[in-house]
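*Asks:* Coordinates for the following, if possible.
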Amino acid sequence: MQNQTSVAEFFLLGLSKSLKIRLILSGLFSVVYIITLAGNAIILMLIQLDSRLHTPMYFFLGQLSCVDICYTSSTVPQMLTNLRHPRQPISLIGCAVQMHVFLTLAITECILLAVMAYDRYVAICRPLHYTFLMNKRVCFTLALTAWASGLLLPVVHTSLMWHLPFCGPNQIDHFFCEMPAVLKLACTNTRTVENVTSLGCVFTLVTPTSFIMMTYVRILRAIFKMKSAQSRGKAFSTCGSHITVVVLFYGSAMFMYMRPASSRSPEKDKIVSLLYSVIIPMFNPLIYSLRNKDVKGALMKTLQRCRVS
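*Replies:* So this is what the prediction gives:
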């Protein structure tokens, strides 16, 4: 790669050239980042402290919180640095590492959301077999599969990506090393990388989405067959939080990676990237806590313990 590449570092253009706007965005996204870290950390703490949350559903929710903490941390600190001190260079290796870490965590979240849909399917459609089908060993295996997929699948993409020659402009019109933005700077034909990326999207986006949709068709059938209104309400509550996260995350990721290159623009790409890399990780703990009685109950119980102590 060193023989082919004349560019040794990149410059991230960030979100705005205006100093005033950068300062406003810096303050805003600093607050968003703190809320994201605090919200997901609270979810992890509640799952650890409250025995009522020691179930497969909350085990996977804890895994999702871990992913979101790492996921947002892979981009937001770099973005905040560029907002306060623009034109800070990032080395070729640093850019490659950031891209790989980001893709790893994004793919892990994709697989994990599909696993969470399967958990809800077993809980609602096969409740008598739930304890057997979702025992600790199965849960750990599914979680490990999600993490392993995230670690292994981006290797092909990043390997192909960083063997391309970069010999022209070194300004990335983005706030982090997002693959489509970096790919524009390659001074060679990028068709192979684009084809591999499309194939990867089929595996990590289209396939899990199709699986989740088929799963929820069966879940809805099972819910409508329930005679108790209370049971239907509880089932809708637990599934509603998950499906909200799925729509937000998969929808924005598909819009970013699967729309035609002719319809791309730096402004749109930045907005969509902000949605799934910064905003959604903040909303995940809020969605699950505000719509979930068990999480709210665990939070109230923990707060009461703190007051007593």
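
*Asks:* Show me which residues of the worst-scoring helix or strand of the chain on mean pLDDT are buried.
*Replies:* Least confident element among the helices and strands of the chain, by mean pLDDT, DSSP states H and E: helix 293-308 (a mean of 75). For helix 293-308, the neighbour count (16 or more other CB atoms under 10 Å) marks 294, 295, 298, 299 as buried. (Glycine included, C-beta is placed from N, CA and C.)

*Asks:* Show me the contact partners of it.
*Replies:* Helix 293-308 has contacts (CB atoms under 8 Å, 6 or more residues apart in numbering) with 42-43, 45-47, 49-50, 52-53, 58, 237, 288-290.

*Asks:* Which among these count as buried?
*Replies:* Here, 16+ other CB under 10 Å leaves 42, 43, 46, 47, 50, 53, 58, 288, 289 buried among those.

*Asks:* Which ones among those residues map onto helices?
*Replies:* Counting by DSSP state H, the buried ones among the contacts of helix 293-308 place 42, 43, 46, 47, 58, 288, 289 in helices.

*Asks:* Contacts only, for the fourth one.
*Replies:* Looking back up the chat, that one is residue 47. Contacts of residue 47 by CB under 8 Å, 6+ apart are 53, 54, 58, 59, 61, 62, 298.

*Asks:* Generate TSV for the ones in helices among the buried ones among the contacts of helix 293-308, with distance to residue 20 and pLDDT as supplementary columns.
*Replies:* TSV is the format used below for these (distance: CB to CB, whole Å; pLDDT from 0 to 100):
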residue	distance to residue 20	pLDDT
42	34	89
43	35	89
46	40	87
47	42	88
58	43	90
288	36	75
289	35	73
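
*Asks:* before we move on, what SS does residue 176 have?
*Replies:* Classification of residue 176 using DSSP: H, G, I helix; E, B strand; the rest coil returns coil.

*Asks:* That one: neighbour count?
*Replies:* By other CB atoms under 10 Å, 24 other residues sit near residue 176.

*Asks:* List the residues that contact it.
*Replies:* Residue 176 touches 12, 74, 75, 78, 79, 98, 102, 273, 277, counting by CB under 8 Å, 6+ apart.

*Asks:* and if you look at residue 181?
*Replies:* The contact partners of residue 181, taken as CB under 8 Å, 6+ apart, are 172, 173, 174, 266, 269.

*Asks:* again, only using 6 Å
*Replies:* Counting by CB atoms under 6 Å, 6 or more residues apart in numbering, residue 181 touches 172, 174.

*Asks:* One more: residue 15?
*Replies:* 25, 175.

*Asks:* That concludes my questions; thank you for your assistance.
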